[in-house]
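Trainee: Structural data only, the sequence is not supplied:
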């Protein structure tokens, strides 16, 4: 049975039902007014400055993706640049999200990095709509190749994301170990 996480009124945060996974840093309690019971707080990711970060990051990421798509030709009819972009983007997103989940980092900086670089930049850089379009176009002539292309993109993208998370965790552990050794 799935239970809704309980709100701790003293901390104004949601208790984490899965402590081994990163907690959504925007899961904050909304303040309510006593008269109407309506929320008086705006979610932090919807502030104008954070929306601008996402939009700017998205424009840069999309521009970089379009530039690469124009520069790299298809290989045997296969859009390898879309595959490479999605795999690299998945790796970088895993790395970034694990890095900004570090509780030792400044919360405001982490949120802005996640929104600007992750949601905006890497969201614009990676392109699953192009993956779907490319797969459909390949499928008109070579159904097996289209299925393989889509499958490889998803599986290798997942592995790349796990690789990014693993690398960030190792770097954090190494930094902690080095800090403890220096303090000793």
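Mentor: Arrived safely, thanks for sending. As the structure is a prediction and not an experimental result, all values here were calculated from the model.
Trainee: For the longest helix seen in the chain, name the packing helices and strands.
Mentor: The longest helix of the chain (DSSP state H) is helix 143-183. On a contact count with 3 or more CB pairs under 8 Å, 6 or more residues apart in numbering; DSSP states H and E, helix 143-183 meets helix 80-100, helix 128-141. No exception for glycine: its C-beta is placed from N, CA and C like everyone else's.
Trainee: Show me which of those has the highest average neighbour count.
Mentor: helix 80-100 (a mean of 21; mean count of other CB atoms under 10 Å).
Trainee: From the chain's centroid, how far away is that one?
Mentor: Centroid separation for helix 80-100 versus its chain: 8 Å, with CA atoms, centre = their mean, to the nearest Å.
Trainee: Quick one: list the elements packing against whichever helix or strand comes after that helix.
Mentor: For helix 80-100, the following helix or strand on the C-terminal side (DSSP states H and E) is helix 107-113. Helix 107-113 makes packing contacts with helix 48-71, helix 80-100 when contacts are defined by 3+ CB pairs under 8 Å, 6+ apart.
Trainee: Now render those helices as CSV, adding mean pLDDT and distance to residue 145.
Mentor: Shown next, in CSV, are those (pLDDT from 0 to 100; distance: least, CB to CB, whole Å):
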stretch, mean pLDDT, distance to residue 145
helix 48-71, 94, 19
helix 80-100, 94, 12
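Trainee: Redo these as JSON lines? Include distance to residue 142.
Mentor: JSON lines is the format used below for those (distance: least, CB to CB, whole Å):
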{"stretch": "helix 48-71", "distance to residue 142": "20"}
{"stretch": "helix 80-100", "distance to residue 142": "15"}
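Trainee: can you redo the helices and strands packed on helix 143-183 as CSV with distance to residue 55?
Mentor: Putting the helices and strands packed on helix 143-183 into CSV (distance: least, CB to CB, whole Å) gives the following:
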stretch, distance to residue 55
helix 80-100, 18
helix 128-141, 18
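Trainee: Understood, closing this out.
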